[in-house]
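In: Just to be clear, the model below is a prediction. Sequence and coordinates:
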Amino acid sequence: MENFSIYKYMKLGIVHFKAYPQATTGEGPIVETLRKIVEDDFWTAVEVGWMKDPKVRHEARKLLETSHMEICYANQPRMFTLKLNINDLDPTERKKAMSAMKNGVDEAFQLGAACMRVFSGKHPGAEKKEEAKKILIDSLKEICRYTNELGPMGIYMKVFDYDIDKRFLIGHFQDAADVAAEVNRDFSNFGVLADLSHFPLLRETPEEAIPLVKRFPMHFHIGSCAFRDRKHPGYGDLQPRFGMPGGEIDTPQVRDYFRLLLDLKLLNPDKRPVLSAEVRPLLLEETSEAIIANTKRVIKEAWATV
């Protein structure tokens with residue numbers, strides 16, 4: 001295919017706080033590790049998270065301004081660390097969660113982000129699922145409203161597993177489509193983030209699931225998981241390296257994902273989405289640098305064989 005550079009079809013990113021998990025809690029060597037990503041021109045996008053110290057945020061903002069990268073802000077580190085849930089059935093707990101996520105919105109703008117990741121909270125069980133979905137829709141609309149008052153920002157709801165690890169409300173892609181339809185009706189900048197590593201956990205395939213949500217704005221993640229053996233060191237939603245024995249995702253699955261997204265015209269030169277790698281060192285012998293290099297090789301080989 002003529003001019004088939006990967007960069008023509010996507011903004012190729014990496015999730016900073018996964019590649020360098022010492023930055024997950026909003027503290028640690030955030031700027032030092034972020035600089036390693038900024039200085040690597042393989043990546044044209046980066047996803048950053050919670051930065052507790054205003055001085056660190058300022059320094060990170062200045063670094064990101066030099067990067068010529070698409071900046072995405074992920075609310076996961078803040079919300080997961082604090083165990084908050086925007087579809088909590090308890091109004092008091094839900095208010096805490098909404099306050100925290102709005103703080104994340106503020107931080108996203110401070111860091112110069114163009115897009116932001118949101119998500120549901122814990123699944124309350126089948127009997128209260130529909131009630132929780134309605135609460136989630138209201139919460140997401142409130143977040144969108146708050147965000148839009150501050151400026152332009154793409155808002156993407158990430159789909160997690162519902163019964164293995166995160167056990168979140170969203171959940172099945174049909175549920176994601178139901179929620180996105182209601183929120184997108186009022187906020188056209190609201191869309192869905194589909195993570196390749198979560199499809200095995202959901203027992204859904206990308207071919208089945210993505211057509212359900214492709215009418216909304218979309219961003220993408222690639223990564224791996226393990227779920228067949230509870231004793232596996234990467235069991236659940238831990239983003240092990242590509243090709244780990246017992247893992248679900250390696251180069252062929254990434255290649256097929258690229259092919260599907262191209263066929264659905266979700267990767268296209270006219271409106272390039274962010275597609276980020278979400279990988280982390282899990283084992284004692286693994287380093288961030290080795291895992292990042294592994295990921296870059298998988299991406300190169302997968303794209304070369306599309």
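Out: Looks like it arrived, so ask away.
In: contacts, neighbours, all on C-alpha from now
Out: Noted.
In: Any buried residues in the longest helix that the chain contains, and which?
Out: Looking across the chain with DSSP state H, the single longest helix is helix 129-150. For helix 129-150, a neighbour-count test (16 or more other C-alpha atoms under 10 Å) marks 132, 133, 135, 136, 137, 138, 139, 140, 141, 143, 144, 147 as buried.
In: As a markdown table, those with distance to residue 269 would be great.
Out: As requested, the buried residues of helix 129-150 are exported to a markdown table (distance: C-alpha to C-alpha, whole Å):
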| residue | distance to residue 269 |
| --- | --- |
| 132 | 38 |
| 133 | 35 |
| 135 | 37 |
| 136 | 33 |
| 137 | 32 |
| 138 | 34 |
| 139 | 33 |
| 140 | 29 |
| 141 | 30 |
| 143 | 30 |
| 144 | 27 |
| 147 | 27 |
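In: circling back: could you identify the helix or strand that succeeds the longest helix of the chain?
Out: Proceeding N to C from helix 129-150, the next assigned helix or strand is strand 154-158, under DSSP states H and E.
In: Show me what that following strand is packed up against.
Out: Helices and strands touching strand 154-158, by 3 or more C-alpha pairs under 8 Å, 6 or more residues apart in numbering; DSSP states H and E, are strand 115-118, strand 190-195.
In: Can you show me the strands along the stretch 201-306 of the chain?
Out: In the stretch 201-306 of the chain, strands defined by DSSP state E, counting those that start in this stretch lie at 218-222, 274-277, listed in chain order.
In: and residue 2, what pLDDT?
Out: At residue 2, the model reports a pLDDT of 49.
In: before we move on, what about the one 10 residues further on?
Out: What the model reports as pLDDT for residue 12 is 98.
In: Hmm, residue 41 and it touching each other?
Out: No: Residue 12 is not in contact with residue 41 according to C-alpha atoms under 8 Å; the separation is 10.2 Å.
In: count of residues packed around the spatially closest residue to residue 268 that is not a sequence neighbour?
Out: Among residues not flanking residue 268 along the chain, residue 9 sits closest, at 4.7 Å (C-alpha to C-alpha, 6 or more residues apart in numbering). Residues lying near residue 9 (other C-alpha atoms under 10 Å) number 20.
In: give me every residue that touches residue 9.
Out: Counting by C-alpha atoms under 8 Å, 6 or more residues apart in numbering, residue 9 touches 267, 268, 269, 272, 273.
In: and what of residue 249?
Out: Residue 249 neighbours (C-alpha under 8 Å, 6+ apart): 197, 223, 224, 225, 242, 243.
In: and those residues as a markdown table, adding pLDDT and distance to residue 283?
Out: Formatted as a markdown table, these follow (pLDDT from 0 to 100; distance: C-alpha to C-alpha, whole Å):
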| residue | pLDDT | distance to residue 283 |
| --- | --- | --- |
| 197 | 97 | 18 |
| 223 | 98 | 16 |
| 224 | 98 | 15 |
| 225 | 97 | 14 |
| 242 | 98 | 13 |
| 243 | 97 | 14 |
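In: which one among these gets closest to residue 212?
Out: For these, the closest approach to residue 212 (C-alpha to C-alpha) belongs to residue 197, at 17.8 Å.
In: hang on, the earlier thing: now the buried members of the contacts of residue 249.
Out: 197, 223, 224, 225, 242, 243.
In: From those, which land in helices?
Out: Assignment to helices by DSSP H places none of these there.
In: Among those residues, which one sits closest to residue 211?
Out: Closest to residue 211, out of all of those and judged by C-alpha to C-alpha, is residue 197, at 17.4 Å.
In: Report the residue spans of the stretch 1-150 of the chain with pLDDT below the cut-off.
Out: Counting by pLDDT under 70, the stretch 1-150 of the chain shows low-confidence ranges at 1-3.
In: need the helices for it, in chain order.
Out: 16-19, 30-38, 54-65, 76-82, 91-110, 129-150 (DSSP state H, counting those that start in this stretch).
In: Count the residues that sit near the nearest residue to residue 25 once chain neighbours are set aside.
Out: Excluding its sequence neighbours, the residue lying closest to residue 25 (C-alpha to C-alpha, 6+ apart) is residue 77, at 6.1 Å. Using other C-alpha under 10 Å, residue 77 has 20 other residues around it.
In: got it, and residue 264?
Out: Neighbours of residue 264 using other C-alpha under 10 Å come to 14.
In: cool, the one 3 residues further on as well?
Out: Residues contacting residue 267 under the criterion other C-alpha under 10 Å number 25.
In: again with residue 263
Out: Neighbours of residue 263 using other C-alpha under 10 Å come to 11.
In: Show the pLDDT at it.
Out: For residue 263, pLDDT reads 97.
In: Relative to residue 149, how far out is the residue nearest to residue 268?
Out: The gap separating residue 9 from residue 149 is 31 Å, by C-alpha to C-alpha, to the nearest Å.
In: and if you look at residue 64?
Out: Distance from residue 64 to residue 149, by C-alpha to C-alpha: 23 Å.
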